Structures are given as C-alpha cells and as structure tokens.
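Trainee: Model the structure of this input:
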Amino acid sequence: LWESQFGTGLKLTTAHYEIYTTLLEPLMLSQVPGFVESAYRGYQNQLPKPIETSAPFTVYLFANRQQWEAFTTEFTGPQAPLYLKIKAGAYYLNGACVAYNIGLERTFSGLGHEGWHQFNSRLFKYRLPSWLDEGIAMQFEIARYDKGFFTFTPDRNGYRLAPLKQTFLKNNVMPLKALITLNPGEVVTEGDEAVAAFYSQAYALVRFLREDDYGKHLAKYQKLLFDGLNGQ
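Mentor: As a prediction, the model looks like this:
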C-alpha cells in the first residue's frame, strides 16, 4: 500500500520503475506496469545499443485532478501556478513523471511522452535541442496493446497528424532552420497554431530521420543521440 495525504493507493514496482498510484481502476492498473516497461524499451531503442540504468524511475499516477492538483501544489512549490495551468495531461519535474487519469489512451499518451523526457534528462550528458527532445517524446504517444505489453505506433498519432495537415493547408510551415533552433516557449505567445506547427513538424522530422527510405538515416540518428548521451 501507498498511504499518502493525497489518497490511499498502491506502490507498483517493475524492473525499471516505481509507480505510486491512487488510481485503482482494474483495467488501467493492470496495464500500467507493462506500458512503462514497453516505453523503457522504446526509449532504449533510440540508441544504437542499450545503456544500463541503476536507480528506478519514479512515476506518480493519480485517480483524479483534485489529487493531482494537491500533489502538484506541494511538489512544484513556487512553480505551482505554471504547472496547474496544464489542462489535461502529465509533466516531468524533479526526476518524476506526474499524471492523473484522463482516460486510458490519453493517460498513457502523457506517460509515454513525459517518460522520454525523464529518461534522457537523467542519463544524457548533453541536453537535447527542443525539436529533437519533443520530436522523440511524441513517438510514444500512441501504442497498441498486446498480451501485457505495448507496441508504439507513431504513424497512427492523430494528436500530431491532424495539426500537421492543418499546418500545411494553412501554409504555416516553419523553415527547417527555424524549427531546429526554436524553443517551444518562444512560440507560445504566437498562439495555438504556431505551437501546433512546431510540435507537429518536430514529430514529422523525427519520423523522417527514423523511417525515410527504409531507415536510410537511422544509424546517423542513433549516433546523434549516442553523442548526446556521452557528451561528445
């Protein structure tokens, strides 16, 4: 059991994660361990060879928004007003992923996305540029369940494909040079369409590097990340 001021729950332990959760819905609860471990393997697959991780990663998963807000207010301190603006989703901060139940697919989407930030923030010596960090995280937003584990299917990510289509239809495409030098915070003030253009194009660029011409660029993509990991 996990007895906390935010609600009674459970502590789930997997090979690479410790999950503190007040979410006791049987179907989701049974799938969470398989999801985080499947995501961990996916994160490792971004590299040319897997790396060892010693300490487990921490995840907090709450049953509802009220519990999440109470935890977030305490956990984020002076930054709480910023994080409480998150309308529906998850965040990564201080080594932990923090989420609450917004339905199975969307909850797992948030955990998959923020889990990548957690993975590389701990292990990489170089901070990844925003387009690459966010672009990879979006590869873990949609998955197919099969016998206790998950296969990630970025080609079915409607959260990014629909905005990408609108970006092209409205001729809001960012030049590549602008895309790879931008920080997402720089486009927030420009409105939702600019934010959607940045994220959807970063998603598309990472897919291109991984998938184009049957993986023609994959080895260089993996070396790019391996260099970031090792600080080269």
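Trainee: Buried residues of stretch 128-144, list them for me.
Mentor: The neighbour-count criterion (16 or more other C-beta atoms under 10 Å) identifies 128-143 as the buried residues of stretch 128-144. The way it works is simple: take the backbone N, C-alpha and C, and place the C-beta from them, glycine included.
Trainee: Have a look at this protein and report its longest helix.
Mentor: helix 192-215 (DSSP state H).
Trainee: C-terminal to it, what's the next element?
Mentor: Scanning the chain past helix 192-215 towards its C-terminal end, the next helix or strand to appear is helix 218-230 (assignment: DSSP states H and E).
Trainee: what's the average pLDDT for that following helix?
Mentor: Rounded to a whole number, the mean pLDDT of helix 218-230 is 96.
Trainee: Repeat that for stretch 52-70.
Mentor: Per-residue pLDDT values over stretch 52-70 give a mean of 96.
Trainee: Between the two ends of that stretch, how far is it?
Mentor: Its first and final residues considered, stretch 52-70 spans 34 Å by C-alpha to C-alpha, to the nearest Å.
Trainee: likewise stretch 91-100?
Mentor: Its first and final residues considered, stretch 91-100 spans 10 Å by C-alpha to C-alpha.
Trainee: buried residues in it?
Mentor: For stretch 91-100, by 16+ other C-beta under 10 Å, it's 91-93, 96-100.
Trainee: do the same with stretch 18-33
Mentor: With burial defined by 16+ other C-beta under 10 Å, the residues of stretch 18-33 counted as buried are 18-23, 28-29, 31-33.
Trainee: What is the end-to-end distance of stretch 165-177?
Mentor: This stretch, stretch 165-177, spans 20 Å end to end (C-alpha to C-alpha).
Trainee: quick one: contacts of that stretch?
Mentor: Contact with stretch 165-177 is made by 182, 193-194, 196-198, 200-201, 205, as judged by C-beta atoms under 8 Å, 6 or more residues apart in numbering.
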